[in-house]
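K.L.:
build me a model from this:
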Amino acid sequence: MLRDRLNEDLKIAVRNKDQRAVSTIRLILAALKDRDISARERGESVAETEILTMLQSMIKQRRDSIALYEQGCRMDLAEQEQEELEIIQSFLPHQMTPHEIDSAVESVIGEVAEDQARAVGLKDMGRVMATLRDRYAGRMDFAQASMIAKARLA
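P.N.:
Down below sits the predicted model:
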């Protein structure tokens, strides 16, 4: 389970005195604890797929920060964000290639068309993306999938 792996890797990072890994994993665990608390208030628990989605959003934040730091000529901060990004990515399963994403999008669009017994258009984008998120949480770059789906549905 991902929670166990996070806790174990935190212990290893502390033992190895890897400050970047320690701070990044603690950041992940803090965000996870926040989600646990809000889920507990609703009487739910945080699923593994929700953790993977959280990690993907953290990766997106890091990528955005890197771009901004590079624009501002702050290479030291960009490098720090890149290191954090790599640590966070290590907790995600194998990421799908662009070809695999294309195939998955094509397959889901076909399923949505069969379910509705008609051609699908841009108005079905939400249904396609929701299905992709359910099936491929943590493994797919949804920004890329969204662009592919939009092109196919247009």
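K.L.:
name the SS class of residue 73, please.
P.N.:
At residue 73, secondary structure determined by DSSP: H, G, I helix; E, B strand; the rest coil is coil.
K.L.:
neighbours of it, how many?
P.N.:
8 (other C-beta atoms under 10 Å). All C-beta atoms are positioned from the backbone trio N, CA, C, and that covers glycine.
K.L.:
what does residue 145 give?
P.N.:
22.
K.L.:
gap between it and residue 26?
P.N.:
31 Å (C-beta to C-beta, to the nearest Å).
K.L.:
who touches the helix or strand hosting residue 49?
P.N.:
For residue 49, the enclosing helix or strand under DSSP states H and E is helix 48-71. Applying C-beta atoms under 8 Å, 6 or more residues apart in numbering, the contact partners of helix 48-71 are 1-3, 27-28, 31-32, 35, 75, 77-78, 81-82, 84-85, 88-89, 91-93, 133-134, 137-139, 142-143.
K.L.:
what's residue 131 in contact with, if anything?
P.N.:
Contacts of residue 131 (C-beta under 8 Å, 6+ apart): 108, 111, 112.
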